[in-house]
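Asks: what's the 3D shape of this:
(2 chains)
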Amino acid sequence: MKHVMRTLIIALVAAIATPAMAGDGVSVGDTAPAFTLADSAGNQVSLSDFEGKIVVLEWLNPDCPFVQRHYKAGTMKNLAAQYAGEGVVWLTINSTNYMDAAANAKFKADNSLPYTILVDQSGKAGHLYGAKTTPHMYIIDGAGTVVYIGAIDDDPRGNKSEPAVNYVSVALDEVLAGKSVTTAETKPYGCSVKYKK
Amino acid sequence: MSLCRSILLTAMCILMALLVSPAVAQDETRVKARLVADTVAVEPGSTVRLGVHFEIEDGWHIYWHNPGGAGLATDVQFELPDGFVAGPLQWPLPIAFIQSEGIPGYGYEDSVVLAAEVTVPPDIVISDLGKVRAEVSWLACKGVCVLGSAEIEVSLAELDEDPVFRTWAGQLPVASGTENLPFTLSVTGGLSEGTITHWLRWSGEPGAVEWFPSPSEALEIGEVRIRTRGGLTKIDAEVKSRKGASGSTAELSSLCVVTTEDGERRGWELTAKLTND
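Replies: Just a heads-up that it's a prediction; the model follows:
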């Protein structure tokens, strides 16, 4: 009995000591896990609504200076517009715990964003994908497979003297050309996703 | 009408200034950065330590060279007079914190000195030393994050021995490959196993053990588990390579830090092979 108790206690301590890591998420080559979230206007949006299409997922937090820099530069908006003509769907997900539909609707209006912002205050989609940073980018190909995970570009500080390599753009070009993605994973940079505790 | 317009314009300007200035002011108050040296006088042919002393507001942190799952490494770029050569930036032992649910972070609270050894050319004319500049940038976080930067300049002739260097060397890790380590290291696993395990055999119970993976573009470190039983510490880390990312996946560099019961911290750099090639 004593032995059983001790084993139980050790198992319990081990369970407490190893919290679920955000990094569990998805890997390149995985089937993109399904999710349904409300957008900033209250409409239910599911990944399955875009079956057969190439989908870009962008993790957003308007309070994060890295996100602010890219929105000021128009990085996401320009990229989304550039590839919309090729049928690429751009979904922005905000897993910031304190940002509700109204806060996201305001950001969408203030920046005249043509794409949907999905509200993920509970962090369920963020944890499902293992999103760690804002921004954190994912590309899902037409077959529903995750083909890119990582940073938006190779310029975390935004001060490179030569033009930055936009990993998402390069990967989308390869996917659209029917090629496999060469740089399929990069280290994401930015603020940590402010998940609900 | 024109008076109205100018009042309106002034009001708008003030409003804009109010909207814009807090971010700048925050940077300045969250983190203060100043140039420091460990010498009273720069001598021709000598080596001096030149660094940036960061003072960080309570509750905020800035980042180690591997920021962890998110964040941004603090950056210091020295601009030195001709002939002066700065070595690599040396990083004191970091602390670990949770940035957000399940996202580890590595960095510094309160204060830290990021310094480099600078070689002074032998033929320098002391009276004509010129200035050193440092371009510094950091990300400071406390729930929210604020980017900060500073350009600091000091005349070499005015450099003074800064008291922050009295304890600084003791906060640096012992370099990998050093002899007479207080443990023997063996490593099992690797990329093909998806887990790498560092086994450290100490002569006695070591104290609290922490582990910090070094920066890597090509390697992703997942869950880390550390167990110490008596004099044996087992550090399990999930590891995988990022497909197509730049950088080497042959080795994993890391840092092991021990905190003794009386709060003293010591650290050792570790190097482990990840493949059998």
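
Asks: Going along the chain, name the helices of the stretch 1-150 of chain B.
Replies: B:2-30 (DSSP state H, counting those that start in this stretch).

Asks: Tell me the secondary structure at B:Val164.
Replies: Of the three states, B:Val164 takes helix under DSSP: H, G, I helix; E, B strand; the rest coil.

Asks: pretty sure it contacts B:Glu55?
Replies: No - when contacts are counted by C-beta atoms under 8 Å, B:Val164 is not listed as touching B:Glu55 (9.8 Å). For the C-beta atoms, the positions are set from N, CA and C on the backbone; glycine is no exception.

Asks: Touching both of those two, which residues are there?
Replies: Common contacts of B:Val164 and B:Glu55 (C-beta atoms under 8 Å, 6 or more residues apart in numbering or on different chains): B:Ser111.

Asks: Between these two, which has more neighbouring residues?
Replies: B:Val164 (18 against 13; other C-beta atoms under 10 Å in any protein chain shown).

Asks: Return the residues of chain B in contact with chain A.
Replies: B:69-72, B:75, B:99-103, B:105, B:137, B:139, B:141, B:143-147, B:216-217, B:220, B:222-223, B:225, B:238, B:240, B:242-245 (C-beta under 8 Å from any C-beta of the partner chain).

Asks: Narrow the residues you listed to just the buried residues.
Replies: B:69-72, B:75, B:99-103, B:105, B:137, B:139, B:141, B:145-147, B:216-217, B:220, B:222-223, B:238, B:240, B:242-245 (16 or more other C-beta atoms under 10 Å in any protein chain shown).

Asks: which secondary structure element contains A:Leu79?
Replies: Applying DSSP states H and E as the criterion places A:Leu79 in helix A:75-84.

Asks: buried set for that helix?
Replies: For helix A:75-84, the neighbour count (16+ other C-beta under 10 Å) marks A:Thr75, A:Met76, A:Lys77, A:Leu79, A:Ala80, A:Tyr83 as buried.

Asks: Quick check: the spatially closest residue to the third one that is not a sequence neighbour vs A:Lys53, distance?
Replies: By the measure of C-beta to C-beta, 6 or more residues apart in numbering or on different chains, the closest residue to A:Lys77 outside its immediate chain neighbours is A:Leu113, 6.3 Å from it. When distances are taken as C-beta to C-beta, to the nearest Å, A:Leu113 and A:Lys53 turn out to be 19 Å apart.

Asks: Looking at these two, which is more packed in?
Replies: More crowded of A:Leu113 and A:Lys53, by other C-beta under 10 Å: A:Leu113, with 19 against 13.

Asks: Okay, and that one sits in which element?
Replies: Assigned by DSSP H and E, A:Leu113 belongs to neither a helix nor a strand.

Asks: Let me know the pLDDT of it.
Replies: We have a pLDDT of 97 for A:Leu113.

Asks: give me phi/psi at it?
Replies: phi -80, psi 130 (degrees, to the nearest 10).

Asks: Now do the same contact list for it.
Replies: Each residue near A:Leu113 by C-beta under 8 Å, 6+ apart is listed here: A:Lys77, A:Thr92, A:Phe107.

Asks: Once you drop chain neighbours, what's closest to the last one?
Replies: In this case it means A:Phe107. A:Phe107 sits nearest to A:Pro62 (C-beta to C-beta, 6+ apart), 4.6 Å away.

Asks: Looking at that neighbour now. What's its pLDDT?
Replies: 97.

Asks: do B:His198 as well
Replies: Reading off the model, B:His198 has pLDDT 98.

Asks: For B:Ser192, grab the count of nearby residues.
Replies: B:Ser192 has 9 neighbouring residues, counting by other C-beta under 10 Å.
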